[in-house]
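In: take a look and give me a structure for this.
(chains A and B)
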Amino acid sequence: MTSVIEKESTLTSQGDDVVLSVNGVSKKFCRDLKRSLLYGMQDISAEVLGLRQNVDTLRAKEFWALKDVSFQLRKGEALGLVGKNGSGKSTLLRIIAGLIRPDAGSIEVNGRVAPLIALGAGFNPILTGRENVYANMSILGLTKQEIDDRFDEVIDFAEIGEAIDSPVQSYSSGMAARLGFASAIYTAPDILLIDEVLAVGDSRFRGKCFRKLHELRRKNTSFILVSHDSHTILTVCDSAVYLNLGISKAIGNTPEVMQKYEEDLFINDFNAKNGQTYLEQPKSEDSEFSITNIFFRNAKGKKIDSPTSGEDTYLCISCKVDQDIDNVGCSLIFNELATGGESILSMNSYNDRKLLTFTRGEHELQIKLSHLGLRLGVYSLNIYFKRDTLYHLNMFEAFQFQVLSKEVASKSLFYQPREWLLVPNNPSTRFQ
Amino acid sequence: MSQKRQRNSVPNSRILAPRLTGKVVYRPESQIRRPRQLLWEMWRDLLASRELAWRLLVRDLSAQYRQSFLGVFWAFLPPIVTALGFTLARNNGVVNIGETNIPYPAYVMFSMALWQTFVESLNGPIQAVNQAKPMLAKINFPREAIILAKLGEVFFNFAIKTLLIVGMFILFQVSVSWTVIIAPVALIHLVALGTFLGLFLAPMATLYQDFSRALLMITGFWLFLTPVVFPIPKSGLFGSIVRLNPVTPLLVTVRDLTTTGIVSDPTGFWVVSAIAFVGLFVAWVLYRLSMPFVVERISS
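Out: Numbering: from 1, shown residues only, chains lettered A, B, ... in the order given. Down below sits the predicted model:
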């Protein structure tokens, strides 16, 4: 477990602004249902007879959902919790909320915890939105007086309008979620646990939610935010914890943790063996024009395995042509694999007014990409060669490559080359 | 969850629900090793549940009756139907039932109302936990609240049945003794017995469905071991079984206090009541200790 702890934090929670202290917490679960229920009965008996203690061993078919996780949260701090699906994030939140018990370790909580784990828990579909807000906020721990005080604000925030007096079963899922979110957020807790629920509503509503969260943060509410969206975590959280299969792989300030997370997420799935992934055999049937190799060169012309973001790179395509062909155009389409495979970049030599003429023999087509704009990640490239814009010569689809990055995970979606300059008071003279 | 509490921590704005402010520690060790703390927490949660239980009760009753055309009329119907059935059977000699001290239809209806209240209080905790599953898995609220809300429903339903009973008594000109005023106290004891058994079974019934099914079967049969549709047999093996049935003294006492004014089995009544209340407390402790383990095994 790599710990990049920026502030020196001791494990005792005697610091007066530490609101949450998680110490060596472990939790095990069982995947087999019948056995799980049996273990449940065993645990209950052990609890009732006073035999339960710190557990270190696994019974048959059990696995560690969390193993030895420790971190601290201070007042007004926002902590991001990242990890793949099934890494133990929700389990950790449930233990912090006091819903389930740890099998080892301990958690100290100093303040009121509001879990935003499910919106609209306690909603009864037959009752109106108004009645359900009362029920929901009551379950979250407010007295009638407090609910009355905040009621109007909750309704305004949720933007339900007149439908507030209709039964909740007539609401769209977005409306119900907004109502749930609004009622949860106005409970003014000391620690807010947000489990991937910020995706509800349109972007305007989401913006409103973030602003409200920001307001809460200024009032010294601490957060733990679980999200798959790295961008959200990078912009909102000061520190982060990266969980993988229940083990905390990185703790510390957000950019470093996110770097490790993204590397593991994208690049470990991608088996980049040196050079082998992009060597290919010439296809026998395309004798006219065949693509023999695709690879990258760096600025000095040396062949490299993976290009680096921000550096000058050459994309090289080796071709073998058995007769003279002119008026050839090359089309490149880049897709980013990690975030859903969308096409993010496309280039076409025709549009760039560069006609390629191939004489008989072997050639290497080099496309110079200055200050490569692609960010850290894994990409898939489709290459198409055509003659006279119509006649299909050859193509290669799904050439996968990874892009490395020099800088620590940035909040940017692409790389922008830049220079920082400070000029005296007559700036227009510079641009002559 | 063993919890240490320091009262000089975060000032809390909620007098009724101070449970989650202040410093709290969660550990794996059994809470039963710290009995004083456990008892303190139980008391605190009971207080904190009052308002929530009321709100849940209002929510559940509104929802139940909003979607129903006949509404509260459904609380009357079962006793009437059973009474009709048995009266018919008895009058035609199909079943051999002895003489009751009040007119038979009134007897059956009144006793059925009491029996049903017992069965509702028995099923109450199990149903409460079942219905609250989505909430239990996601929000930390005082779990006593759902049990209290169900208890409220049981008493509400009985209150409606009271109208029926009063009507019946007037119709059959049954005389009511002055002790009817303390009859509700005996009723509370009856409900306590049902709640004790229900609360004891609730955590396990959430894990294994066998318990609910068995309970359904058993209560069906149990009806005939209780003097609901027949008077207490004076002798015989069957009579002994009926007398040993814990529900018998409680149900009979409520009936006696309402009609004759003379309690026929005071010893039985007090013994079973003691068992009921002590058992209720024990079941409460067990419920508290076992719910977190149940929550982690049910779906999230």
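
In: can you map out the helices along chain A?
Out: Along chain A, counting by DSSP state H, helices occupy A:33-48, A:89-96, A:129-139, A:144-158, A:173-185, A:203-218, A:230-236, A:254-262.

In: please apply the same query to the stretch 201-300 of chain B.
Out: B:210-222, B:236-244, B:247-258, B:266-297 (DSSP state H, counting those that start in this stretch).

In: what residues are up against A:D165?
Out: Residues counted as contacts of A:D165 (CB atoms under 8 Å, 6 or more residues apart in numbering or on different chains) are A:T128, A:G129, A:R130. Yep, even glycine has a C-beta here, placed from its N, CA and C like the rest.

In: ok, so of the residues you listed, who is nearest A:R360?
Out: Checking the contacts of A:D165 against A:R360 by CB to CB gives A:G129 as the nearest, at 75.5 Å.

In: the closest one against A:I164, yeah?
Out: Yes. When contacts are counted by CB atoms under 8 Å, A:G129 is listed as touching A:I164 (4.3 Å).

In: out of the two, which sits in the busier spot?
Out: Applying other CB atoms under 10 Å in any protein chain shown to A:G129 and A:I164 shows that A:G129 carries more neighbours, namely 26 against 19.

In: separation between the more buried one and chain B?
Out: Distance, A:G129 to chain B, using CB to the nearest CB, to the nearest Å: 13 Å.

In: the closest residue to chain B within the stretch 201-350 of chain A: what's it in contact with?
Out: Nearest residue of the stretch 201-350 of chain A to chain B: A:N220, at 11.1 Å (CB to the nearest CB). With contact taken as CB under 8 Å, 6+ apart, A:N220 is in contact with A:K75, A:G76.

In: tell me where chain B has strands.
Out: Under the criterion DSSP state E, strands of chain B are mapped to B:23-26.

In: kindly report the same for the stretch 251-400 of chain A.
Out: A:289-298, A:303-304, A:313-321, A:325-336, A:343-348, A:356-358, A:361-369, A:377-387, A:391-403 (DSSP state E, counting those that start in this stretch).

In: note down every partner strand of the second one and its orientation.
Out: Strand A:303-304 has the following sheet partners, assigned by DSSP bridges: strand A:289-298 (antiparallel).

In: now the strand it pairs with: buried residues?
Out: With burial defined by 16 or more other CB atoms under 10 Å in any protein chain shown, the residues of strand A:289-298 counted as buried are A:F289, A:S290, A:I291, A:T292, A:N293, A:I294, A:F295, A:F296, A:R297.

In: which single one of those residues is nearest to A:Y134?
Out: A:F296 (62.1 Å).

In: the closest one and B:V282, how far apart?
Out: A:F296 is 73 Å from B:V282, where distance means CB to CB, to the nearest Å.

In: thinking again about what came up before, of the helices of the stretch 201-300 of chain B, which stretch is the most buried?
Out: Across those, the average number of neighbours (mean count of other CB atoms under 10 Å in any protein chain shown) peaks for helix B:247-258, which reaches a mean of 24.

In: tell me the contacts of A:A135?
Out: A:A135 neighbours (CB under 8 Å, 6+ apart): A:G122, A:F123, A:N124, A:L127, B:R55, B:L56, B:R59.

In: I misspoke; the intended subject was B:V272.
Out: B:H189, B:L193, B:P246, B:P249, B:L250.

In: my guess is the third one contacts B:I275. True?
Out: Yes. Using CB under 8 Å, B:P246 and B:I275 qualify as a contacting pair, with a distance of 7.0 Å.

In: I'd like the helices of the stretch 201-300 of chain B as a markdown table, with mean pLDDT appended.
Out: Converted to a markdown table, the helices of the stretch 201-300 of chain B look like this (pLDDT from 0 to 100):
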| stretch | mean pLDDT |
| --- | --- |
| helix B:210-222 | 93 |
| helix B:236-244 | 89 |
| helix B:247-258 | 91 |
| helix B:266-297 | 92 |
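
In: so which of these gets nearest A:S370?
Out: It's helix B:266-297; of those, that one is closest to A:S370 (CB to CB) at 55.7 Å.

In: off-centre distance for that closest one?
Out: In terms of CA atoms, centre = their mean, to the nearest Å, the centre of helix B:266-297 is found 12 Å from the chain centre.

In: now do that helix against helix A:33-48, angle only.
Out: For helix B:266-297 against helix A:33-48, the angle by axes from the mean of the first three to the mean of the last three CA atoms, to 10 degrees is 120 degrees.

In: grab the nearest non-local neighbour of the most centrally placed residue in chain B.
Out: What sits nearest the mean C-alpha location of chain B, by CA atoms, centre = their mean, is B:S121, with 2.0 Å. Among residues not flanking B:S121 along the chain, B:G194 sits closest, at 3.1 Å (CB to CB, 6 or more residues apart in numbering or on different chains).

In: now the spatially closest residue to B:V72 that is not a sequence neighbour: how far from A:Q53?
Out: Leaving out its chain neighbours, the residue that sits closest to B:V72 by CB to CB, 6+ apart is B:I160, at 5.4 Å. Separation of B:I160 from A:Q53 (CB to CB) stands at 50 Å.

In: flag every residue of the stretch 151-300 of chain A that's near chain B.
Out: A:D190 (CB under 8 Å from any CB of the partner chain).

In: which stretches of the chain have low pLDDT?
Out: Reading this off chain A. A:1-16, A:117-122, A:197-201, A:266-287, A:338-341, A:408-411, A:427-432 (pLDDT under 70).

In: please go with chain B instead
Out: B:1-22, B:299-300.

In: that older thread, quick one: contacts for the residue nearest to B:S121?
Out: Contacts of B:G194 (CB under 8 Å, 6+ apart): B:T117, B:F118, B:V119, B:E120, B:S121, B:L122, B:G124.

In: how far away is it from B:P246?
Out: 10 Å.

In: do the same with A:K368
Out: For A:K368 relative to B:P246 (CB to CB), the value is 91 Å.

In: run a quick neighbour tally on B:V180.
Out: Neighbours around B:V180, by other CB under 10 Å: 14.

In: so it touches B:D256, yeah?
Out: No. Counting by CB under 8 Å, B:V180 stays clear of B:D256, with 10.4 Å between them.

In: give the burial count for B:Q209, as a bare number.
Out: B:Q209 is flanked by 9 other residues according to other CB under 10 Å.

In: can you pull the phi/psi pair for it?
Out: The phi and psi values for B:Q209, taken as degrees, to the nearest 10, are phi -70, psi -10.

In: the more surrounded of A:K368 and B:P246?
Out: A count of neighbours by other CB under 10 Å puts B:P246 above the other of A:K368 and B:P246, at 17 against 10.

In: how far away is the closest residue to the more buried one other than its chain neighbours from chain A?
Out: Closest residue to B:P246 apart from its sequence neighbours, by CB to CB, 6+ apart: B:V272 at 4.8 Å. Per CB to the nearest CB, B:V272 is found 25 Å from chain A.
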